[in-house]
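> Sharing a sequence plus its predicted fold:
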Amino acid sequence: SAVISQKPSRDICQRGTSLTIQCQVDSQVTMMFWYRQQPGQSLTLIATANQGSEATYESGFVIDKFPISRPNLTFSTLTVSNMSPEDSSIYLCSVGGDSAFFGQGTRLTVV
Amino acid sequence: KNEVEQSPQNLTAQEGEFITINCSYSVGISALHWLQQHPGGGIVSLFMLSSGKKKHGRLIATINIQEKHSSLHITASHPRDSAVYICAVRRTGANNLFFGTGTRLTVIP
């Protein structure tokens, strides 16, 4: 099993600013996933973060908007840059393998 | 069309009722997860299935690989079961999950 500590749990941000979300895992994992859940929608994969290499982004998501760091096998950050109200969502990190473990989520509101 | 479809989208039940949530998918998978999401946004994995049936307390999950269908059952439902239940699949050869839109369950005392 894995325990993931994600912070902040929620934030209200001004448009045009950036927010960095952190996830700390209690064990070493190869892959970490970052998901976005827009209001009333299902979770969508933003990118896969691998230690030692650049993140792999899904169609519709770009590094300039969602830069990701993965400095070691237990930690990752996702930054939401130059925010607009359309970025208001829940952001979740996850680790996988045979099971699925999620952080507590970051509820972001952009005003 | 979403690769993972859930029904119903919303479900209201009286305490004690037997509840069924359905999930259909259209791709080959290596695993299917049932997840529970509470209002704060955090997600907990309830079951991971690749075949057959699993039971944990009042929760039962089944999967039919040939029919590409899974069900989550809750027996003797309780208000604390109120949450969003999400079906997610891991496609064959993929590492990440693909999610249904969720079923919002409300259990009334």
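Looks like it came in fine.

> contacts, neighbours, all on C-alpha from now
Noted.

> which residues touch residue 48?
This is for chain A. By CA atoms under 8 Å, 6 or more residues apart in numbering or on different chains, the residues touching residue A:48 are A:31, A:32, A:33, A:34, A:55, A:56, A:57.

> Hmm, no, I was thinking of chain B.
Residue B:48 neighbours (CA under 8 Å, 6+ apart): A:98, A:99, B:31, B:32, B:33, B:34.

> Could you report the pLDDT at residue B:87?
As predicted, residue B:87 sits at a pLDDT of 97.

> what does chain A put close to chain B?
Proximity of chain A to chain B is confined to A:33, A:40-45, A:90, A:92, A:96-107 under the rule CA under 8 Å from any CA of the partner chain.

> which residue is nearest the middle of chain A?
What sits nearest the mean C-alpha location of chain A, by CA atoms, centre = their mean, is residue A:34, with 3.8 Å.

> Which helix or strand contains that residue?
strand A:31-37 (DSSP states H and E).

> Sheet partners, orientation included, of that strand?
Each strand paired with strand A:31-37, and its direction, by DSSP bridges: strand A:43-50 (antiparallel), strand A:89-95 (antiparallel).

> Please give me every residue in contact with residue 80.
Just so you know, I chose chain A. Contacts for residue A:80 (CA under 8 Å, 6+ apart) come out as A:18, A:19, A:20, A:65, A:66, A:67, A:87.

> Chain B is the one I meant
So residue B:80 contacts residue B:107 (CA under 8 Å, 6+ apart).

> Kindly report the same for the one 5 residues further on.
By CA under 8 Å, 6+ apart, the residues touching residue B:85 are B:34, B:35, B:36, B:37, B:102, B:103, B:104, B:105.

> The residue lying closest to the second one once chain neighbours are set aside: how many residues sit nearby?
Going back to what we said before, that points to residue B:35. For residue B:35, the nearest residue in space outside its immediate sequence neighbours is residue B:45; the separation is 4.5 Å by CA to CA, 6 or more residues apart in numbering or on different chains. Neighbours of residue B:45 under the rule other CA atoms under 10 Å in any protein chain shown: 18.

> so which helix or strand takes in residue B:45?
Using DSSP H and E, residue B:45 falls in strand B:43-49.

> strand partners of that strand, parallel vs antiparallel please.
Counting by DSSP bridges, strand B:43-49 is paired with strand B:29-37 (antiparallel).

> now the partner strand: how far from the chain's centre is it?
7 Å (CA atoms, centre = their mean, to the nearest Å).
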